[in-house]
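K.L.:
this one's sequence-less:
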RNA sequence: GGCCCGUUCGUCUAGGGGUUAGGACAGGAGAUUUUCAUUCUUCAAACACGGGUUCGAUUCCCGUACGGGCUACCA
């Protein structure tokens, strides 16, 4: 009876277990857009189940630390509004600290526990000796077949091991894998995965500098922090069996988190996973924020600086590897939280499509209110053109909103809405010069300034009438006015432009342009 | 090389034992716009291949090919 009660309690526990997921990046550089997606999926899953989303910094490789990388990760998550509710920089929960280097001392006991229970051992091999192993046989691994030829606590006498440890000789702790055993586990996305231990090797758990490797630190922290689901990139799938064994040998298998290995983000062209280089090569960002390499000072562009809305990036990203079914593509974060599920995550990698990213951004800009858009571009505009009245900027936004792909397009392509063209471009002038002899400039200016029409149709009609009355082709007149107002031959409709710029300003531009014909 | 994972239009994907295999991006054509952009209409475009199972397979199974990942005292 006791057994069944235990079993029941166990299942009840599994069923009611609080969802706790984590995003655990390594601060070895700027957070890649694929990493952002991993964070996003974790976030959505946590929110969907009213669980916790934790940020844990995995900085166990002291050699690869990059200054500023941790701060970058935090800023990127904030910009994307993918906020952990627990973890580094987001408020300590019950399991602080959340930076693995700050938890360094906590891992050794588990490695030693494994030694005591016979699932791990000390290894004293030098770099040369390890190279030697490979030299003999390219495919040789540190495993059941070879470990008895190596210098470790399985081959050395107890006394010698003791001596070496006392002398503070460099050593690592390695897991001792069974020789030939199928390790099987369930992946929420891929189903049952089986790997035999002959394919694996005795991975280092504790490094000679006293730091744990990813495998140990990850398993210990996930256990201690009561992580319920490990949602991470597919690159971890091959080492998942090792982690399963670690949970088992540490006696934690009953509370082992569920695994979900995400498909990778692939290069838009060619093959392989998306990397930093691809962005530089193809001219689109692979990072959420701009990043300057502290060593080389090389700058990598970011979505934020490029003029993307974080909501658009998020919406674009969520569909690279997941789809709720149906044909809707624009979703708010709340809708995504509602719809998200692990079952609908794909198995195959997704090629990153920059054109689609642009489309999402344009859609999100179009949805913005004029005031909100004005708010977002104000700093950029004023940096370039000086102070601009808020009302005016808001009107500008209303006029050009549907023509923008990036926020930065406004200051880059519509400068004439903030500053009059002074010297007109000859290629533009040459296309409207034919009007010079037949246009009564003063009459046009008078008609414009004295007009009181305040809707676009009335202005358009007035200009058309003016053309007819002066035997001008409407098209020629319009083209000239556009050139004068804009400095180019494309843009919003002329009545809209006149209304926005004002009659005085428009008249001055026309006079100025005419004088240059 | 070995192991693991995968494969629907160019790309992201929906679907799923019987469908005209649907949508979106990009591309073509057209309409609207005096221009450009938007918007609208429209066209083209896919189940990797070979075997099974089945009355029937793009869907299930097995192979092959191809792609991806891993193979460190990196994560």
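P.N.:
Perfect, I can see it now. Here the structure is a predicted model, which is why all the values come from computation and not from measurement.

K.L.:
Could you chop chain A up by domain?
P.N.:
A:18-86+A:217-263, A:108-206, A:276-364, A:368-417, A:426-515 (automatic domain parsing).

K.L.:
tally of neighbours for residue A:210?
P.N.:
10 (other Cβ atoms under 10 Å). All C-beta spots, glycine's among them, are computed from the backbone N, C-alpha and C.

K.L.:
can you check the one 4 residues further on too?
P.N.:
One way to gauge burial is a neighbour count; for residue A:214, by other Cβ under 10 Å, it gives 18.

K.L.:
will you turn the domains of chain A into JSON lines that also has mean pLDDT?
P.N.:
What follows is these, written out as JSON lines (pLDDT from 0 to 100):
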{"stretch": "domain A:18-86+A:217-263", "mean pLDDT": "97"}
{"stretch": "domain A:108-206", "mean pLDDT": "95"}
{"stretch": "domain A:276-364", "mean pLDDT": "94"}
{"stretch": "domain A:368-417", "mean pLDDT": "96"}
{"stretch": "domain A:426-515", "mean pLDDT": "93"}
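
K.L.:
Is there contact, residue-wise, from whichever helix or strand residue A:483 is part of to RNA strand B?
P.N.:
With elements taken from DSSP states H and E, the one containing residue A:483 is helix A:474-486. Yes - remark: helix A:474-486 sits within contact range of RNA strand B at A:474-475, A:478-479, A:482, by Cβ under 7 Å from any atom of the strand.

K.L.:
With stretch A:278-297 instead?
P.N.:
No - judged by Cβ under 7 Å from any atom of the strand, stretch A:278-297 stays clear of RNA strand B, getting no closer than 11.4 Å.

K.L.:
For that stretch, buried residues please.
P.N.:
A:278-279, A:284-291 (16 or more other Cβ atoms under 10 Å).

K.L.:
Spatially, which two of the residues you listed are the most separated?
P.N.:
A:278 and A:289 (17.3 Å; Cβ to Cβ).

K.L.:
related to what we said a few turns ago, what is the helix holding residue A:483 packed up against?
P.N.:
helix A:426-432, helix A:456-469, helix A:494-501, helix A:503-515 (3 or more Cβ pairs under 8 Å, 6 or more residues apart in numbering; DSSP states H and E).

K.L.:
Centre of the chain to that helix, how far?
P.N.:
Relative to its parent chain, helix A:474-486 has a centroid offset of 44 Å by Cα atoms, centre = their mean, to the nearest Å.

K.L.:
So which residues make contact with it?
P.N.:
A:416, A:421, A:424, A:428-429, A:431-432, A:434-435, A:439, A:463-464, A:466-468, A:488-491, A:494, A:497-498, A:501, A:506, A:509-510, A:512-514 (Cβ atoms under 8 Å, 6 or more residues apart in numbering).

K.L.:
What pLDDT is listed against the residue of chain A found nearest RNA strand B?
P.N.:
Residue nearest to RNA strand B within chain A: residue A:271 (2.0 Å; Cβ to the nearest atom of the strand). Residue A:271 carries a pLDDT score of 72 in this model.

K.L.:
What's the separation between the closest residue to residue A:366 other than its chain neighbours and residue A:362?
P.N.:
The spatially closest residue to residue A:366, leaving aside those adjacent along the chain, is residue A:402, at 5.4 Å (Cβ to Cβ, 6 or more residues apart in numbering). Distance of residue A:402 to residue A:362, computed by Cβ to Cβ, to the nearest Å: 8 Å.

K.L.:
which of those two has more neighbours?
P.N.:
Shown here are residue A:402 and residue A:362; by other Cβ under 10 Å, residue A:362 has more neighbours (19 against 9).

K.L.:
Which secondary structure state is assigned to residue A:128?
P.N.:
helix (DSSP: H, G, I helix; E, B strand; the rest coil).

K.L.:
What distance do you get for it to residue A:147?
P.N.:
Residue A:128 is 17 Å from residue A:147, by Cβ to Cβ.

K.L.:
residue boundaries of the strands in chain A?
P.N.:
A:20-23, A:52-55, A:86-87, A:120-123, A:172-175, A:182-187, A:191-196, A:204-206, A:229-233, A:258-262, A:265-266, A:291-292, A:299-300, A:350-351 (DSSP state E).

K.L.:
The first one - contacts with which helices or strands?
P.N.:
If contacts are counted by 3+ Cβ pairs under 8 Å, 6+ apart, strand A:20-23 sits against helix A:33-48, strand A:52-55, strand A:229-233.

K.L.:
Taking strand A:229-233 as reference, get the angle to the first one.
P.N.:
This points to helix A:33-48. 160 degrees (axes from the mean of the first three to the mean of the last three Cα atoms, to 10 degrees).

K.L.:
so, in contact with RNA strand B or not, helix A:33-48?
P.N.:
No - judged by Cβ under 7 Å from any atom of the strand, helix A:33-48 and RNA strand B are separated, with a smallest distance of 9.5 Å.

K.L.:
Could you check how many residues crowd around residue A:151?
P.N.:
Residue A:151, neighbours per other Cβ under 10 Å, totals 18.

K.L.:
How about residue A:462?
P.N.:
15.

K.L.:
do the same with residue A:138
P.N.:
Counted with other Cβ under 10 Å, residue A:138 comes out at 6.

K.L.:
separation between it and residue A:131?
P.N.:
For residue A:138 relative to residue A:131 (Cβ to Cβ), the value is 12 Å.

K.L.:
And for residue A:420?
P.N.:
Applying Cβ to Cβ to residue A:420 and residue A:131 gives a distance of 72 Å.

K.L.:
same thing with residue A:73?
P.N.:
35 Å.

K.L.:
filter the contacts of helix A:474-486 down to the ones close to RNA strand B.
P.N.:
A:489-491, A:494.

K.L.:
OK, contacts around the residue nearest to residue A:383 when sequence neighbours are not counted?
P.N.:
In space, residue A:383 comes closest to residue A:411 once its chain neighbours are excluded; the distance is 7.9 Å by Cβ to Cβ, 6+ apart. Residues near residue A:411 by Cβ under 8 Å, 6+ apart: A:377, A:380-381, A:383-385.
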